[in-house]
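Asker: Predicted model and sequence below, questions to follow.
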Amino acid sequence: MQILNTNLEGLLLLEPTVFGDQRGYFYESFRADVMQHAGVDLLFVQDNQSFSNKGILRGLHFQKYPHAQGKLVRVIKGAVLDVAVDIRKNSKTYGQHFSTRLDEENKRMLYVPPGFAHGFVTMEDSTLFLYKCTNYYHKESEGSVRWNSPELNIDWGITSPILSAKDIEAPLFSEFESPF
């Protein structure tokens, strides 16, 4: 597995080594020792899975301390444009984002540490998305930033996604007070 740094400190892109033949393929989707070698010591306590058709946008979400979550995300079936926004007030990249395509073909994964808002838009029908989380979901600790905040200038590749009520009502980044 190759771990690549992104333009945002702590946000890591993982490219697994895939072994394939006429039977299919095999790859390791997580190795604690590889992550520790990259300076990230993780204990995952919860797995989440979502199913979405094309054009669904989920995000930008986070959880506040003491329930902040690191997430290792990947697509099992389908494709997404995955986005992480640095919301760490003292970070030199505060308000900057990273986006990448995660899909069943490239098998890439993204590690999103606490202090980032995270979201994705589905690019194909029947997309299955898996999150490995370092902390348990805690409703009172959840927060969000509006997906189309002009200050973030994120190109989602879609102008009218299907959104939850929570995501429609999320504050713009300019109105947002980061808890990190």
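Answerer: Done, it's in.
Asker: ranges for the helices of the protein?
Answerer: 32-37, 165-169 (DSSP state H).
Asker: Mind checking the ones you listed for the one nearest to K132?
Answerer: helix 32-37 (11.0 Å; CB to CB). Every residue, glycine included, has its C-beta placed from N, CA and C.
Asker: what separates the closest one from the chain centre, distance-wise?
Answerer: Offset of helix 32-37 from its chain centre (CA atoms, centre = their mean, to the nearest Å): 19 Å.
Asker: could I get the helices of the chain as CSV with mean pLDDT, mean neighbour count and distance to W147?
Answerer: Converted to CSV, the helices of the chain look like this (pLDDT from 0 to 100; neighbours: other CB atoms under 10 Å; distance: least, CB to CB, whole Å):
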stretch, mean pLDDT, mean neighbour count, distance to W147
helix 32-37, 90, 12, 28
helix 165-169, 97, 11, 6
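Asker: Would you format those helices as TSV with distance to I56 included?
Answerer: Shown next, in TSV, are the helices of the chain (distance: least, CB to CB, whole Å):
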stretch	distance to I56
helix 32-37	29
helix 165-169	10
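Asker: Please name whichever of these is nearest to T134.
Answerer: Here helix 32-37 is closest among these (CB to CB), at 11.1 Å.
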